[in-house]
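Novice: quick one: sequence and predicted model below, then my questions.
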Amino acid sequence: MFDQATTLRRLMEEARTAQAQGASAQGFPGSSSVTSRKSTVAPRVITVSGGKGGVGKTLTTANLGLCFVREGMRTLLIDGDIGLANLDVLLNIRAESTLDDVLVGERELKDVIVTGPEGLKLIPASSGMPRVNELGKMQKLVLLDQIESIQDDFDVVLIDTPAGVSKNVQYWAASASEVILVATPEPTSLADAYATMKVLSQANNETSFKLVVNMAKNEDEALRVFERLSSVANEYLQVRVDYLGCVPLCESVRNSVRERTPYVQRYPFSAASRGIRSIAREILFHGEAPHPKGTMQFFWKRLVAGKNFEILS
Ligand SMILES: Nc1ncnc2c1ncn2[C@@H]1O[C@H](COP(=O)(O)OP(=O)(O)OP(=O)(O)O)[C@@H](O)[C@H]1O
Ligand SMILES: [Mg+2]
């Protein structure tokens with residue numbers, strides 16, 4: 001049990017102090033860590049989004065997470081689809097406690113982490129709990145503080161977000177250093193991916209996105225999706241889109257959902273598994289270093305002290 005009001009007061013106080021010292025939005029020189037943790041390299045925090053429902057965000061998150069574990073990365077998945085959770089269902093994990101317990105102050109975040117296949121860690125959300133569908137300002141701040149308290153334990157944090165571009169999706173995207181968009185070749189998915197980039201570039205100042213094309217017939221079709229999205233994004237939003245790769249439409253993916261086992265585990269030689277493995281390596285070994293937006297610590301201070309405060313409301 002922890003006291004949310006005390007945490008919030010401390011967060012506000014630290015943000016005010018940082019602001020008074022004229023700290024820049026990108027960093028707060030000399031600021032102490034919220035949790036007084038030892039100084040280590042911050043994990044890569046990656047949000048998986050896409051706008052349209054059912055395009056494969058959750059499956060991409062789960063399977064990418066497992067690929068990262070196999071590459072030796074200590075990986076944490078966060079089910080940001082609060083109110084309609086399903087990462088735990090896909091991974092066949094039984095969650096005793098969830099993010100909901102953290103948000104009402106009954107558990108600390110580290111106590112709700114569960115272990116999935118091959119040591120993959122998960123913070124589950126709770127399904128069908130309407131009271132946490134829309135997080136309050138204080139809950140959002142407390143959650144960030146809690147996430148920061150565990151970030152030394154991980155190399156990569158992957159956040160699965162719900163469909164749409166709600167304030168909660170903006171919140172998760174802003175807390176991350178990278179945003180992966182999942183899109184399919186359907187025109188509606190392209191339109192929603194574009195709309196997501198538009199909102200995140202305007203509200204969060206995102207300047208680059210990474211694209212996974214899911215359910216494409218083949219690589220050529222996926223590349224056409226990338227070219228269309230990246231050219232409109234460049235021209236109308238002045239944002240950059242990097243192509244990570246493609247997960248083809250594959251029967252084994254559907255089967256893996258029914259079997260509640262990640263497809264990289266159940267069908268390791270399928271086209272989908274080859275695709276997601278290559279995407280994981282692209283992210284870890286070939287992509288440009290993540291935009292130094294900063295750690296969660298810097299993020300919440302920006303939110304409290306700066307112009308992105310409205311994301312919290
Ligand atoms: N590459 C693929 N090949 C075949 N089917 C797929 C593929 N990717 C996803 N699917 C199908 O799409 C369904 C939805 O996937 P998933 O739950 O990951 O989407 P989502 O974007 O997270 O949805 P939501 O917006 O509801 O959270 C899966 O249950 C699966 O049947
Ligand atoms: Mg989902």
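Specialist: The structure has been received and is ready for your questions. Ligands and ions are numbered 1, 2, ... in the order given.

Novice: low-confidence ranges in the protein?
Specialist: In the predicted model of the chain, residues 1-40, 83, 85, 127-135, 137, 287-313 satisfy pLDDT under 70.

Novice: ranges for the helices of this protein?
Specialist: When secondary structure is read from DSSP state H, the chain shows helices at 4-20, 57-70, 87-90, 99-103, 109-112, 137-150, 167-175, 187-203, 219-232, 251-258, 263-266, 271-281, 296-305.

Novice: excluding its backbone neighbours, what's nearest A203?
Specialist: Q170 (5.4 Å; CB to CB, 6 or more residues apart in numbering). For the C-beta atoms, the positions are set from N, CA and C on the backbone; glycine is no exception.

Novice: so the one you found sits against N205, correct?
Specialist: No - contact criterion CB atoms under 8 Å: Q170 and N205 do not qualify, at 11.0 Å.

Novice: tell me the phi and psi of A95?
Specialist: The phi and psi values for A95, taken as degrees, to the nearest 10, are phi -100, psi 120.

Novice: number of residues surrounding it?
Specialist: 22 (other CB atoms under 10 Å).

Novice: against V247, how distant is the closest residue in space to D100 that isn't next to it in sequence?
Specialist: Closest residue to D100 apart from its sequence neighbours, by CB to CB, 6+ apart: S126 at 4.0 Å. Note on S126: its distance to V247, by CB to CB, to the nearest Å, is 28 Å.

Novice: so who does V225 touch?
Specialist: Residues near V225 by CB atoms under 8 Å, 6 or more residues apart in numbering: A183, T184, P185, L190, L211, V213, A216.

Novice: can we see that at 6 Å?
Specialist: Counting by CB atoms under 6 Å, 6 or more residues apart in numbering, V225 touches P185, V213.

Novice: do the same with T196
Specialist: T196 touches S49, G51, V165, counting by CB under 6 Å, 6+ apart.

Novice: for L211, same thing?
Specialist: Here L211 is in contact with L181, F226, V241, Y243 (CB under 6 Å, 6+ apart).

Novice: neighbours of the first one, how many?
Specialist: This points to L181. That count, for L181 with other CB under 10 Å as the rule, works out to 27.

Novice: bridging residues for it?
Specialist: For L181, the beta-bridge partners are S49, L211 (DSSP bridges).

Novice: quick check: it vs K198, distance?
Specialist: Computed with CB to CB, the distance linking L181 and K198 is 12 Å.

Novice: got any residues that touch both of the two?
Specialist: Here L181 and K198 have no joint contacts, going by CB under 6 Å, 6+ apart.

Novice: interface residues of this structure facing ligand 1?
Specialist: Selection of the chain residues close to ligand 1 by CB under 6 Å from any ligand atom yields 53-59, 81, 162-163, 214-215, 247, 249-250, 253-254, 257, 272.

Novice: before we move on, the earlier item: the more surrounded of Q170 and N205?
Specialist: Neighbour count, other CB under 10 Å: between Q170 and N205, Q170 has more, with 23 against 13.

Novice: ligand 2 versus that one, what's the distance?
Specialist: Separation of Q170 from ligand 2 (CB to the ion, to the nearest Å): 17 Å.

Novice: tell me how many other residues crowd the closest residue to ligand 2 within the chain.
Specialist: Per CB to the ion, T58 is where the chain lies closest to ligand 2, at 3.3 Å. By the measure other CB under 10 Å, the count of residues near T58 is 25.

Novice: that one is in contact with D160, isn't it?
Specialist: Yes - with contact defined as CB atoms under 6 Å, T58 and D160 form a contacting pair (5.2 Å).

Novice: next, show the common contact partners of those two.
Specialist: Common neighbours of T58 and D160 (CB under 6 Å, 6+ apart) are L87.

Novice: what parts of the stretch 1-150 of the chain come near ligand 2?
Specialist: Proximity of the stretch 1-150 of the chain to ligand 2 (CB under 5 Å from the ion) is limited to residues K57, T58.

Novice: what number of residues lie near K110?
Specialist: Counted with other CB under 10 Å, residues neighbouring K110 total 12.

Novice: sounds good, over and out.
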